[in-house]
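1. Give me a 3D structure for the following:
(one chain, ligands or ions: 2)
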Amino acid sequence: MLEVHDVVAGYSSDVDILHGVSMHVEESETVTIIGPNGAGKSTLIKVVFGLLSPREGRVVFQGEDITGLEPNAIVERGLCYVPQRGNVFPSMSVMENLELGAWTFKGDFDAALARVFDLFPVLQERVDQRVGTMSGGQRQMVAMGRALMMDPSLILLDEPSAGLAPNLADDVFENIQRIAGTGTPIVLVEQNAKKGLAIADRGIVLDTGEVRFEGPGDELLEDPQVGKLYLGG
Ligand SMILES: Nc1ncnc2c1ncn2[C@@H]1O[C@H](COP(=O)(O)OP(=O)(O)OP(=O)(O)O)[C@@H](O)[C@H]1O
Ligand SMILES: [Mg+2]
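-> Ligands and ions are numbered 1, 2, ... in the order given. Below is the predicted model of the structure:
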């Protein structure tokens with residue numbers, strides 16, 4: 001589904017944040033990226049989604065080289081992104097947010113809406129509620145629902161559980177598993193490394209712009225070095 005080859009990227013011409021990062025996502029796979037603050041996780045996602053052009057390396061999506069394409073062209077190809085911050089329109093209703101998610105969608109709007117309501121029934125109950133008045137967990141459902149309105153072939157989620165109370169964070173992980181259950185491949189960036197790895201088929205540890213560990217989620221969870229360095233012992 002997705003291949004990232006030897007990506008070097010940064011925000012200014014003299015400083016590299018990613019130093020040759022490679023990763024891939026297979027069909028129906030959930031891949032979780034963990035790593036300390038500032039490791040370059042969001043930067044990697046931004047490169048994949050075309051928000052940042054890599055200095056070197058390539059991004060291939062479903063066999064097509066998408067390196068350097070604009071985000072709107074990437075969305076059209078079925079790759080959707082839920083950013084770490086600012087991922088909903090708080091002054092608009094749930095329905096308006098979902099409609100905006102589908103504004104360039106060429107498929108069946110009603111079918112897409114039905115799929116989102118099927119995954120997140122609470123959104124159907126609250127179609128007219130202003131999203132700014134919803135709980136953090138519900139907002140994350142709106143954010144994910146918005147991305148799902150494009151019927152994506154792959155979805156990038158950047159720290160969907162950030163800032164949520166533990167029980168709401170658990171709901172978010174459950175929601176991600178539901179999306180994964182529909183066969184949609186997911187790249188998940190998570191601060192909550194243990195839970196993020198627990199729901200992953202594969203995990204990647206990114207540290208100072210390099211991949212340090214990679215493997216099945218449960219193997220990384222049990223790896224003593226990963227545990228000591230990245231999972232709080
Ligand atoms: N827009 C930007 N302009 C300049 N530097 C940036 C920008 N965004 C991020 N950086 C820098 O790039 C580095 C990696 O940041 P990034 O946001 O990718 O980390 P992260 O792994 O997502 O961290 P976190 O877990 O805190 O979200 C950091 O040193 C950060 O300060
Ligand atoms: Mg980040």
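
2. tell me what the helix or strand hosting residue 197 is packed against?
-> Counting by DSSP states H and E, the element that carries residue 197 is helix 193-198. Here helix 193-198 touches strand 30-34, helix 166-181, helix 217-222, going by 3 or more C-beta pairs under 8 Å, 6 or more residues apart in numbering; DSSP states H and E. Where C-beta positions appear, they are placed from N, C-alpha and C, glycine not excepted.

3. Figure out which of those is closest to ligand 2.
-> Ligand 2 lies closest, by C-beta to the ion, to one member of those: strand 30-34, at 9.6 Å.

4. can you give me the strands for this protein?
-> Ranges of strands within the chain are 2-9, 18-25, 30-34, 56-61, 64-65, 79-82, 154-158, 186-189, 202-207, 210-216, based on DSSP state E.

5. tell me the angle the last one makes with strand 202-207.
-> In this structure, strand 210-216 runs at an angle of 160 degrees to strand 202-207, with axes from the mean of the first three to the mean of the last three C-alpha atoms, to 10 degrees as the basis.

6. what are the pairing partners of strand 210-216, and which direction each?
-> strand 202-207 (antiparallel) (DSSP bridges).

7. and the partner strand with ligand 1, contact?
-> No. Interface with ligand 1: strand 202-207 contributes nothing (C-beta under 6 Å from any ligand atom), its closest point being 6.7 Å away.

8. how about that strand, does it get close to ligand 2?
-> No. Using C-beta under 5 Å from the ion, strand 202-207 never reaches ligand 2; the gap is at least 10.2 Å.

9. can you check stretch 160-176 too?
-> No. Applying C-beta under 5 Å from the ion, one finds stretch 160-176 separated from ligand 2 by no less than 8.4 Å.

10. tell me which parts of this protein are close to ligand 2?
-> So the chain meets ligand 2 at 41, 42 (C-beta under 5 Å from the ion).

11. Would you mind listing what in the chain touches ligand 1?
-> Counting by C-beta under 6 Å from any ligand atom, the chain sits next to ligand 1 at 11, 17, 35, 37, 38, 39, 40, 41, 42, 43, 191.

12. give me every residue that touches the residue nearest to residue 180 when sequence neighbours are not counted.
-> Nearest non-adjacent residue to residue 180, counting by C-beta to C-beta, 6 or more residues apart in numbering: residue 30, 4.8 Å away. Each residue near residue 30 by C-beta atoms under 8 Å, 6 or more residues apart in numbering is listed here: 176, 180, 185, 186, 188, 199, 200, 201, 202.

13. ok, now with 6 Å
-> Residue 30 sits next to 180, 186, 200, 201 when contact means C-beta atoms under 6 Å, 6 or more residues apart in numbering.

14. I'd like these as TSV, with neighbour count appended.
-> Below are the contacts of residue 30 laid out as TSV (neighbours: other C-beta atoms under 10 Å):
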residue	neighbour count
180	19
186	23
200	26
201	17
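
15. mind giving me TSV with those and columns for pLDDT?
-> Formatted as TSV, the contacts of residue 30 follow (pLDDT from 0 to 100):
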residue	pLDDT
180	96
186	98
200	97
201	97
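
16. Per-residue pLDDT of residue 233, please?
-> Looking at residue 233, its pLDDT reads 68.

17. now the nearest residue to residue 59 once chain neighbours are set aside: how far from residue 157?
-> In space, and not counting its chain neighbours, residue 59 is closest to residue 67: 4.9 Å by C-beta to C-beta, 6+ apart. Note on residue 67: its distance to residue 157, by C-beta to C-beta, to the nearest Å, is 22 Å.
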